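Chemist: my questions are about this predicted structure, shown below with the sequence.
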Amino acid sequence: MKIAYQGIPGSYSESCAKTNYPECETISCKTFDECFEIANSDNNIMAMMPESNKTTGNIGIEYLIFKYRLNIYAEHFYKISHNLLGVKGSKIEDIKNVYSHAQALSQSSIFIKKNNLTEQVRADTAGSAKYVSESKDKSKSAIASALSAEIYDLEIIKKDVQDNKENFTRFLLMGKDIIQPENNNNKFYVTSFLFKLKSKPAALYSALQGMAINGVNMIKLQSFPEKNSFSSYFFLCEVEGHLNQQKIKNSLEDLNYHCEDMSVLGVFEADKLRKK
């Protein structure tokens, strides 16, 4: 099994892939777009994509979900444990600057302020760890994963520096082939789809009535503009239930009547954390 991820070795995306699929071969990509492109061009490669974070919200990959329309195979709520990493022998008193991705810095703001550290924003967490390792400067540190510390031979000066100790990022495992699990009434499924409404008054209200009538629970509805437009929008929607359930079929058939474009992205078993 091959899984592409954005970032360099040691990133949280790679950590999520290795935790959930220990035997997988991971492929590092520079950008999110490159991840989608690789998965879209090779049926044997999947992409592990961060979709949203419990603390800071959406990651911003919706436009790529729309562009490539890869099938979603699974969701994983992966706990993000930020660690303060430094060169071997360094202590918290030595640290002046902390390097990391903007979101990781934001998620660790209380610790950073408490220790009077100067934030230095970089492209990603693992890249920050690599930079600190190469600098060999005890005044520099990185906020990154424990895997990054192992890969780049850094010391974990302080574990779990994130403000919210229950900090989770939702990752989606995606690929080109359409693969859907058989419906099992004892399991909790999510059906994900995109749609673009016809231009008419109260279009969204009319389109979603079918879900209310059929008793379908919507768990996500997000709008984003179509490329080069401020007046045309797509919606990313997720509902509880399997595509083969009659209430889901009825709802999507009714929704399709109101749409110019509609695409099912996938049916997958919900992560266990959804029930907590």
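Modeler: Arrived safely.
Chemist: use CA for all of it now, contacts and neighbours both
Modeler: Will do.
Chemist: the spatially closest residue to Met211 that is not a sequence neighbour - how many residues pack around it?
Modeler: Using Cα to Cα, 6 or more residues apart in numbering and skipping the chain neighbours, the partner closest in space to Met211 is Ser251 (5.1 Å). Other residues near Ser251 come to 21 when the count uses other Cα atoms under 10 Å.
Chemist: quick one: the strands in the stretch 1-150 of the chain?
Modeler: Counting by DSSP state E, counting those that start in this stretch, one finds strands in the stretch 1-150 of the chain at the ranges 2-6, 25-29, 45-53, 57-58, 71-79, 83-86, 97-100, 118-121, 140-144.
Chemist: direction included, what does the fourth one pair up with?
Modeler: Sheet pairing of strand 57-58 (DSSP bridges) gives strand 45-53 (antiparallel).
Chemist: so what touches the strand it pairs with?
Modeler: Strand 45-53 is contacted from outside by 1-6, 13-14, 17, 32, 35-36, 38-39, 58-61, 167-176, using Cα atoms under 8 Å, 6 or more residues apart in numbering.
Chemist: verify the contact between Asn167 and Thr56 for me.
Modeler: No: between Asn167 and Thr56 there is no contact under Cα atoms under 8 Å: 9.5 Å.
Chemist: quick one, which of those two is more surrounded?
Modeler: Between Asn167 and Thr56, Asn167 has the larger neighbour count (other Cα under 10 Å), namely 19 against 14.
Chemist: separation between that one and Glu75?
Modeler: Relative to Glu75, Asn167 is positioned 16 Å away (Cα to Cα, to the nearest Å).
Chemist: quick one, helices of the stretch 101-250 of the chain?
Modeler: Secondary structure of the stretch 101-250 of the chain (DSSP state H, counting those that start in this stretch): helices located at 102-107, 109-114, 125-135, 146-151, 203-213, 246-257.
Chemist: most packed of these?
Modeler: Mean neighbours per residue, mean count of other Cα atoms under 10 Å, is largest over the helices of the stretch 101-250 of the chain for helix 125-135, with a mean of 23.
Chemist: show me what it is packed up against.
Modeler: strand 83-86, strand 97-100, strand 140-144, helix 146-151 (3 or more Cα pairs under 8 Å, 6 or more residues apart in numbering; DSSP states H and E).
Chemist: check contacts around the residue nearest to Met211.
Modeler: Ser251 neighbours (Cα under 8 Å, 6+ apart): 210-211, 214, 216.
Chemist: kindly recompute the last result at 7 Å.
Modeler: By Cα atoms under 7 Å, 6 or more residues apart in numbering, Ser251 lies in contact with 210-211, 214.
Chemist: how about Ala123?
Modeler: When contacts are counted by Cα under 7 Å, 6+ apart, Ala123 touches His101.
Chemist: give me the pLDDT value at it.
Modeler: If you check Ala123, the pLDDT there is 86.
Chemist: that older thread, could you dump the helices of the stretch 101-250 of the chain into JSON lines and include distance to Leu194?
Modeler: Output for the helices of the stretch 101-250 of the chain, formatted as JSON lines (distance: least, Cα to Cα, whole Å):
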{"stretch": "helix 102-107", "distance to Leu194": "27"}
{"stretch": "helix 109-114", "distance to Leu194": "35"}
{"stretch": "helix 125-135", "distance to Leu194": "31"}
{"stretch": "helix 146-151", "distance to Leu194": "35"}
{"stretch": "helix 203-213", "distance to Leu194": "13"}
{"stretch": "helix 246-257", "distance to Leu194": "11"}
